[in-house]
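>>> structure of the sequence below:
(one chain, ligands or ions: 1)
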Amino acid sequence: MFEIKIKDFLGRIGVLDTPHGKIETPALLPVINPNRLLLPVSRMKEIGAEALITNAYIIYRTPHLRERAVDVGIHRLLGFDAPVMTDSGSYQLSVYGDIEVENEDIVQFQIEVGSDIIVPKDIPTPPFSPRDRAEKELMTTVRNVSEAWEMLAGLSNRPLLASPIQGSTYPDLREKCARMLRGMGDIFPIGAVVPLLENYRFKQIAEIILHSKMGTSTCTPIHLFGAGHPMILSFAVAFGCDLFDSAAYALFAKENRYLSPHGTYDLSSMEYLPCACPICSTHTAKELRESDERERLLAEHNLHTAFSEIRLIKESIREGTLIELVQQRCRAHPRLLDALKIALSHTDIIDELSPQRRSSPFYSGPESALMPEVRRHQKRLERLEVGKNCIIFTTHPASTHPELSLKDFDSVFILRAPFGPFPPELAETLPVNTVHVSGDLEAKHKALEGVVYLVKNNPDTLFTLVLDREWLDIAKQRLNGLDNVEVWGEENG
Ligand SMILES: [Zn+2]
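The predicted model follows:
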């Protein structure tokens with residue numbers, strides 16, 4: 001039902017098969033409020049929506065909608081012939097504390113109206129809840145998923161089941177919940193992260209995503225519930241999310257907020273519209289602000305900008321440059337950059353799930369030193385033969401130290417940040433041909449880690465290091481105490 005076409009980092013382009021057709025992922029599903037259609041559904045399709053999500057609970061609780069949905073089906077009710085996902089009312093549960101419907105009834109209702117993707121009644125435990133509450137509630141969610149899974153078994157052309165992963169802000173509980181749900185469902189949404197998104201708690205989101213990924217099978221699609229802001233999309237895709245829903249386009253429009261991949265602007269104080277969508281290219285900020293249709297037009301721009309970001313993410317996956325896009329996007333907010341560093345430090349998960357990259361990694365900031373290809377390269381150092389005499393240099397010694405002849409050494413290495421030492425014949429190959437920005441301390445530290453590793457691994461070898469001025473102090477500091485190393489700088493040349 002889910003086929004992965006191309007992978008890059010932990011992100012992928014895939015195809016999800018539903019009773020009403022295919023959805024190419026990463027995909028963004030606009031949220032439709034059946035009581036208040038801000039944009040015509042046909043317009044959403046034009047903007048790029050391949051699927052929609054609506055709230056089955058609201059329809060169930062509104063007599064005229066419910067009657068019509070049962071009568072003509074959810075697709076005709078919304079006027080949309082492509083896949084429709086229905087939510088069970090968790091959002092209402094998180095806002096009002098209780099919803100008046102049993103799991104079995106709301107699942108049966110979603111089956112009856114012909115939903116393509118069904119969500120059972122899950123319990124969205126808020127972030128930072130007491131652990132025993134999170135544990136108890138995730139068990140209820142697992143029971144409800146199990147009940148729904150049994151109800152779907154044996155249906156012809158059966159809808160897909162979205163099995164929500166809960167567990168509040170406890171990474172181990174998220175992983176446990178994901179493991180318990182294995183084999184029960186087709187899509188695995190990560191639930192109850194909206195309060196974290198609203199408060200820029202990206203670190204917690206990163207932990208939750210990665211641990212949920214660890215618990216699920218690698219070939220199942222992951223949905224990040226409630227994440228529709230373009231700023232977060234590339235990050236979430238790069239760490240393994242495939243589906244998103246956006247209520248943000250409408251909620252933000254209502255509050256006069258203008259979305260962009262770089263953050264949110266307040267329309268009331270904007271003078272320029274930094275976007276080329278049909279709305280922004282035919283309105284000035286003032287015209288948009290003063291339009292009678294301001295909310296609808298702004299919602300339309302917000303959707304355009306989110307879909308345009310999804311297309312950029314897909315193209316980056318094709319090119320193999322997704323993580324570079326994430327590095328750019330994370331500069332929009334310091335907490336996003338922190339979250340990226342936290343996420344990249346989960347080396348076990350990333351090394352297990354990310355493929356070898358197809359493109360040359362492009363240096364895009366200090367966190368480039370944390371990339372898996374740097375670690376993979378340094379791991380290879382343990383297999384290298386270095387002989388009795390080894391020279392490692394940042395620039396060829398011929399110009400600065402003519403007395404050093406490479407012929408006198410058993411092995412020769414070039415030192416480049418952040419990779420560390422590598423044989424000259426690899427200089428133009430992946431991954432060490434990365435563009436490096438000099439002056440970056442993290443990258444040099446990482447490279448010198450590789451040197452220290454090589455030196456300690458070969459205690460009987462004499463290492464001669466010939467280093468540029470910018471490397472000298474930090475190298476002396478890092479290599480202090482190792483007696484089989486001799487460092488040559490520019491001053492003794
Ligand atoms: Zn626009």
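
>>> would you mind listing what in the stretch 151-300 of the chain touches the ion?
With Cβ under 5 Å from the ion as the criterion, the stretch 151-300 of the chain comes near the ion at residues 275, 277, 280. For every residue, glycine as well, the C-beta is placed using N, CA and C.

>>> against which helices or strands is the strand or helix carrying residue 173 packed?
For residue 173, the host element (DSSP states H and E) is helix 171-181. Judged by 3 or more Cβ pairs under 8 Å, 6 or more residues apart in numbering; DSSP states H and E, the packing partners of helix 171-181 are helix 131-152, strand 188-190, helix 202-215.

>>> please repeat the previous calculation with a cut-off of 7 Å.
If contacts are counted by 3 or more Cβ pairs under 7 Å, 6 or more residues apart in numbering; DSSP states H and E, helix 171-181 sits against helix 131-152, helix 202-215.

>>> pretty sure residue 90 sits against residue 193.
No - with contact defined as Cβ atoms under 7 Å, residue 90 does not reach residue 193; the gap is 11.7 Å.

>>> adding distance to residue 443, secondary structure and pLDDT, write the residues of the stretch 151-300 of the chain next to the ion out as a markdown table.
Below are those laid out as a markdown table (distance: Cβ to Cβ, whole Å; DSSP: H, G, I helix; E, B strand; the rest coil; pLDDT from 0 to 100):
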| residue | distance to residue 443 | secondary structure | pLDDT |
| --- | --- | --- | --- |
| 275 | 34 | coil | 96 |
| 277 | 38 | coil | 97 |
| 280 | 38 | coil | 98 |
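
>>> of those, buried ones?
275, 277, 280 (16 or more other Cβ atoms under 10 Å).

>>> pLDDT score assigned to the residue nearest in space to the middle of the chain?
What sits nearest the mean C-alpha location of the chain, by Cα atoms, centre = their mean, is residue 236, with 2.0 Å. Here the pLDDT value assigned to residue 236 is 97.

>>> save the helices and strands packed on helix 171-181 as CSV, and put in mean pLDDT and mean neighbour count too.
What follows is the helices and strands packed on helix 171-181, written out as CSV (pLDDT from 0 to 100; neighbours: other Cβ atoms under 10 Å):
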stretch, mean pLDDT, mean neighbour count
helix 131-152, 97, 18
helix 202-215, 95, 24
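
>>> what would these look like in JSON lines with distance to residue 351?
Output for these, formatted as JSON lines (distance: least, Cβ to Cβ, whole Å):
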{"stretch": "helix 131-152", "distance to residue 351": "28"}
{"stretch": "helix 202-215", "distance to residue 351": "12"}
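
>>> of all those helices, which one is nearest residue 300?
Nearest of the helices and strands packed on helix 171-181 to residue 300, taken as Cβ to Cβ: helix 202-215 at 27.3 Å.

>>> what pairs with whichever strand or helix holds residue 85, parallel or antiparallel?
Taking DSSP H and E as the criterion, residue 85 maps to strand 84-87. Using DSSP bridges, strand 84-87 pairs in its sheet with strand 52-55 (parallel), strand 117-118 (parallel).

>>> quick one: it to chain centroid distance?
Strand 84-87 sits 22 Å away from the centroid of its parent chain (Cα atoms, centre = their mean, to the nearest Å).

>>> run through who's touching that strand.
Here strand 84-87 makes contact (Cβ atoms under 7 Å, 6 or more residues apart in numbering) with 20, 29, 51-56, 74-75, 78, 110, 115-119, 162.

>>> residue furthest from the geometric center of this structure?
Per Cα atoms, centre = their mean, the most distant residue from the centre of the chain is residue 403 (51.6 Å).

>>> mind checking how far the nearest residue in space to residue 160 that is not next to it in sequence is from residue 350?
Closest residue to residue 160 apart from its sequence neighbours, by Cβ to Cβ, 6 or more residues apart in numbering: residue 186 at 3.9 Å. To residue 350, residue 186 is 25 Å away according to Cβ to Cβ, to the nearest Å.

>>> residue 406 too?
Remark: distance between residue 406 and residue 350 (Cβ to Cβ) = 37 Å.

>>> and those two? Which one has more around it.
residue 350 (22 against 13; other Cβ atoms under 10 Å).

>>> give the contact list for that one.
Applying Cβ under 7 Å, 6+ apart, one finds that residue 350 lies in contact with 10, 344, 372.

>>> in the helix or strand containing it, what's buried?
Residue 350 is located in helix 347-353, with elements delineated by DSSP H and E. Within helix 347-353, the residues scored as buried using 16+ other Cβ under 10 Å are 349-350, 353.

>>> show me what the following helix or strand past it is packed up against.
Downstream of helix 347-353, the next assigned helix or strand under DSSP H and E is helix 372-380. When contacts are defined as 3+ Cβ pairs under 7 Å, 6+ apart, helix 372-380 sits against helix 347-353, strand 420-422, helix 441-457.

>>> now do stretch 26-41: everything it contacts.
With Cβ under 7 Å, 6+ apart as the test, stretch 26-41 has contacts from 44, 49-54, 58-59, 62, 65, 78-80, 85, 228, 237, 242-247, 249-250, 295-296, 299-300, 303, 306-307, 310, 313-314.

>>> so which of the residues you listed sit within strands?
Counting by DSSP state E, the part of these found in strands is 52-54, 85, 243-246.

>>> what residues go with each domain of the chain?
Domain ranges of the chain: 2-353, 366-492, per automatic domain parsing.

>>> just those domains: most buried one?
Mean neighbour count (mean count of other Cβ atoms under 10 Å) peaks for domain 2-353 among the domains of the chain, with a mean of 20.

>>> ok, residue 352 to residue 205 distance?
20 Å.

>>> same check, this time on residue 180
According to Cβ to Cβ, residue 180 stands 21 Å off from residue 205.

>>> then residue 284?
Separation of residue 284 from residue 205 (Cβ to Cβ): 36 Å.

>>> got it, and residue 409?
Residue 409 sits 49 Å away from residue 205, going by Cβ to Cβ.

>>> state whether residue 486 is indeed within a helix.
No - secondary structure of residue 486 (DSSP: H, G, I helix; E, B strand; the rest coil): strand, not part of a helix.

>>> excluding chain neighbours, what is closest to it?
Residue nearest to residue 486 in three dimensions, not counting chain neighbours: residue 464, with 5.2 Å by Cβ to Cβ, 6+ apart.

>>> my guess is that neighbour meets residue 391, correct?
Yes - counting by Cβ under 7 Å, residue 464 touches residue 391, with 4.7 Å between them.

>>> and the residue of the stretch 301-450 of the chain closest to the ion?
The stretch 301-450 of the chain approaches the ion most closely through residue 301 (3.6 Å), counting by Cβ to the ion.

>>> which residues touch that residue?
258, 275, 277, 279-280.

>>> could you point out which of these is nearest to residue 451?
Out of the contacts of residue 301, the member with the shortest distance to residue 451 (by Cβ to Cβ) is residue 275, at 47.1 Å.

>>> who touches that closest one in this structure?
Neighbouring residues of residue 275 by Cβ under 7 Å, 6+ apart: 260, 301, 305.

>>> tell me which entries of the residues you listed lie within helices.
Helix and strand membership here follows DSSP state H; of the contacts of residue 275, those in helices are 301, 305.

>>> redo the contacts of residue 275 as a markdown table? Include pLDDT.
Listed next are those as a markdown table, based on pLDDT from 0 to 100:
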| residue | pLDDT |
| --- | --- |
| 260 | 96 |
| 301 | 98 |
| 305 | 97 |
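
>>> which one of the contacts of residue 275 is nearest residue 336?
Closest approach between these and residue 336, by Cβ to Cβ: residue 260, at 13.9 Å.
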